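*Asks:* Predicted model and sequence follow; I will ask about them next.
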Amino acid sequence: MTLIKVCGITNLEDALAAVEYGANILGFVFAKSPRQVTAAQAGKIIEKLPPFTAKTGVFVNETPAAVLKLAASIGLSAVQLHGEESPELLPLFHPLPVIKAFRIKDRSDLALLPAYITASAFLLDTFVAGKRGGTGKTFDWKLAVSAKEIGNPVILSGGLNPGNVSEAIKKTSPYCVDVNSGVESKPGKKDLKKLKKFIQNCKQASC
């Protein structure tokens, strides 16, 4: 069964709806973004979530010490690194699992992945100049299939929405799918009808 991660959570309504509909993981963006939240904002949402809901924090080029301090203060389950973090940094985020994100343009980008084998999972997003994520653009999903050969779980991201997620899952069988802008009514606010349909389609495609 493919897991479902809903990223860019900024408010309690969206968070509770995502969990109710069947999302496994919620993502909170602490890096500069239209969906950026503060530790205090995320903490208020997290404290009202059902037990055992997984919470991932998205960071860009932050020090491990700063990330671990924030994570401990609000109860994050994992960290997602979207910057130019070196492979040597990953063990310094222990004991939290590390998701290392890669922006994929073509097959040559897959050459970066083996150096990050200590990551708990690889997240593959679409390369768009000047943007770290939330682009609404897809990349060649055949590259996600190739990335699975390295051995780490692959999280498929980049341009997923209710209309294409079933095809994406059937073509790549990822460990997890990650959605953000594809289920929004505006940056930082989810369209709950799109969100529910996205999660329904995920479950139907991966059962």
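*Replies:* Sure thing, it's come through.

*Asks:* Could you pull up phi and psi at the most centrally placed residue in the chain?
*Replies:* The residue lying closest to the centre of the chain (Cα atoms, centre = their mean) is residue 178, at 4.8 Å. Dihedral pair for residue 178: phi -130, psi 120, per degrees, to the nearest 10.

*Asks:* residues touching it, list them.
*Replies:* With contacts defined as Cβ atoms under 8 Å, 6 or more residues apart in numbering, the neighbours of residue 178 are 5, 7, 27, 123, 125, 155-157, 160. (C-beta placed from N, C-alpha, C; glycine too.)

*Asks:* Who does it form a beta bridge with?
*Replies:* residue 5 (DSSP bridges).

*Asks:* Residue 55 now?
*Replies:* For residue 55, the beta-bridge partners are residue 26 (DSSP bridges).

*Asks:* residues contacting it?
*Replies:* Residue 55 neighbours (Cβ under 8 Å, 6+ apart): 25-26, 28, 42, 46, 49, 74-78.

*Asks:* One more pass at 7 Å, please.
*Replies:* Going by Cβ atoms under 7 Å, 6 or more residues apart in numbering, residue 55 touches 26, 28, 46, 75-77.

*Asks:* Dump the residues you listed into TSV; add neighbour count as well.
*Replies:* Output for those, formatted as TSV (neighbours: other Cβ atoms under 10 Å):
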residue	neighbour count
26	24
28	26
46	20
75	13
76	23
77	16
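
*Asks:* Mind checking which of the residues you listed land in strands?
*Replies:* 26, 28 (DSSP state E).

*Asks:* Closest one to residue 204 out of the contacts of residue 55, please.
*Replies:* Taking Cβ to Cβ as the measure, residue 26 is the one of the contacts of residue 55 closest to residue 204, at 21.4 Å.

*Asks:* Identify the residues contacting the closest one.
*Replies:* Contacts of residue 26 by Cβ under 7 Å, 6+ apart are 6, 9, 15, 18, 53, 55.

*Asks:* starting at the chain centroid, how far to the top helix by length along the chain?
*Replies:* Identified as the longest helix of the chain according to DSSP state H is helix 192-206. Here helix 192-206 is found 16 Å from its chain centre; the criterion is Cα atoms, centre = their mean, to the nearest Å.

*Asks:* and what of stretch 45-53?
*Replies:* 18 Å.
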